[in-house]
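Colleague: Quick one: sequence plus predicted model below, questions after.
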Amino acid sequence: PQTTLDKIRRNKHNSRGYFDDELTKNKLDWKKCFDFGAQDGSLDNEGMDGKNQWPSLEEHETFEIVMRDYYTKMEHLSRVL
(Lines give C-alpha, C1' and ligand atoms only; values in the text may rest on other atoms or scores of the structure.)
Protein backbone atom coordinates (compact mmCIF):
# COMPACT_ATOMS: atom_id res chain seq x y z
CA PRO A 1 0.00 0.00 0.00
CA GLN A 2 1.04 3.59 -0.55
CA THR A 3 1.25 4.24 3.21
CA THR A 4 3.96 1.56 3.50
CA LEU A 5 5.88 3.04 0.58
CA ASP A 6 5.64 6.54 2.03
CA LYS A 7 7.35 5.32 5.23
CA ILE A 8 10.45 4.32 3.25
CA ARG A 9 10.43 7.19 0.75
CA ARG A 10 13.77 8.78 -0.23
CA ASN A 11 14.36 12.28 1.05
CA LYS A 12 17.02 14.99 1.00
CA HIS A 13 18.92 13.25 3.83
CA ASN A 14 18.66 9.68 2.52
CA SER A 15 18.82 8.79 -1.16
CA ARG A 16 17.92 5.16 -0.53
CA GLY A 17 14.36 3.90 -0.50
CA TYR A 18 11.18 4.22 -2.53
CA PHE A 19 10.53 6.97 -5.04
CA ASP A 20 8.02 7.68 -7.77
CA ASP A 21 9.06 11.18 -8.85
CA GLU A 22 11.50 10.31 -11.64
CA LEU A 23 11.54 12.68 -14.59
CA THR A 24 12.13 11.70 -18.21
CA LYS A 25 12.72 14.64 -20.54
CA ASN A 26 11.49 16.95 -17.75
CA LYS A 27 8.20 15.06 -17.51
CA LEU A 28 7.04 12.86 -14.63
CA ASP A 29 7.11 9.25 -15.80
CA TRP A 30 5.30 6.16 -14.51
CA LYS A 31 8.27 4.50 -12.80
CA LYS A 32 8.10 3.33 -9.23
CA CYS A 33 11.60 2.60 -7.95
CA PHE A 34 13.41 1.31 -4.90
CA ASP A 35 17.07 2.21 -4.40
CA PHE A 36 19.27 0.23 -2.04
CA GLY A 37 22.93 -0.68 -1.97
CA ALA A 38 25.98 -1.66 0.02
CA GLN A 39 28.40 0.59 1.88
CA ASP A 40 31.83 -0.89 2.53
CA GLY A 41 30.51 -4.29 1.46
CA SER A 42 27.49 -4.35 3.79
CA LEU A 43 23.82 -3.65 3.21
CA ASP A 44 23.58 -2.63 6.88
CA ASN A 45 26.16 0.18 6.93
CA GLU A 46 25.18 3.82 6.54
CA GLY A 47 27.05 5.84 3.93
CA MET A 48 27.21 9.42 2.74
CA ASP A 49 24.04 8.87 0.71
CA GLY A 50 22.07 7.35 3.58
CA LYS A 51 21.02 3.97 4.88
CA ASN A 52 18.88 1.27 3.33
CA GLN A 53 15.24 1.50 4.31
CA TRP A 54 13.06 -1.59 4.46
CA PRO A 55 9.34 -2.04 5.11
CA SER A 56 8.63 -3.53 8.53
CA LEU A 57 8.13 -7.28 8.71
CA GLU A 58 4.50 -6.67 9.66
CA GLU A 59 3.95 -4.65 6.49
CA HIS A 60 5.84 -6.97 4.15
CA GLU A 61 7.41 -10.05 5.66
CA THR A 62 9.57 -11.15 2.70
CA PHE A 63 10.66 -7.96 0.91
CA GLU A 64 13.96 -7.40 2.72
CA ILE A 65 14.88 -11.10 2.59
CA VAL A 66 14.21 -11.30 -1.16
CA MET A 67 16.09 -8.06 -1.92
CA ARG A 68 19.13 -9.12 0.14
CA ASP A 69 19.19 -12.47 -1.66
CA TYR A 70 18.90 -10.72 -5.04
CA TYR A 71 21.77 -8.37 -4.12
CA THR A 72 23.99 -11.30 -3.09
CA LYS A 73 23.29 -13.13 -6.36
CA MET A 74 23.94 -10.04 -8.49
CA GLU A 75 27.17 -9.32 -6.60
CA HIS A 76 28.32 -12.89 -7.31
CA LEU A 77 27.33 -12.59 -10.98
CA SER A 78 29.29 -9.34 -11.32
CA ARG A 79 32.42 -11.11 -10.08
CA VAL A 80 31.91 -13.99 -12.50
CA LEU A 81 31.50 -11.64 -15.45
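Modeller: Yep, that arrived. Numbers count the residues shown, from 1 in each chain.
Colleague: alpha carbons only for contacts and neighbour counts from here, please
Modeller: Will do.
Colleague: Tell me where the chain has helices.
Modeller: Secondary structure of the chain (DSSP state H): helices at 2-7, 63-80.
Colleague: Name the residues that touch the longest one?
Modeller: Translated: helix 63-80. For helix 63-80, the external contacting residues (Cα atoms under 8 Å, 6 or more residues apart in numbering) are 43, 54, 55.
Colleague: Select the helix or strand of this protein having the lowest average pLDDT value.
Modeller: Lowest mean confidence among the helices and strands of the chain (mean pLDDT, DSSP states H and E): strand 23-24, at a mean of 92.
Colleague: Name the strands paired with it and say parallel or antiparallel.
Modeller: Applying DSSP bridges, strand 23-24 is found paired with strand 27-28 (antiparallel).
Colleague: what distance separates the partner strand from the middle of the whole chain?
Modeller: Here strand 27-28 is found 21 Å from its chain centre; the criterion is Cα atoms, centre = their mean, to the nearest Å.
Colleague: what's the average pLDDT for that strand?
Modeller: Mean pLDDT, computed over strand 27-28, is 94.
Colleague: count of neighbours near residue 38?
Modeller: Neighbourhood size, residue 38 [other Cα atoms under 10 Å]: 14.
Colleague: Return the residues in contact with it.
Modeller: Per Cα under 8 Å, 6+ apart, neighbours of residue 38: 44, 45.
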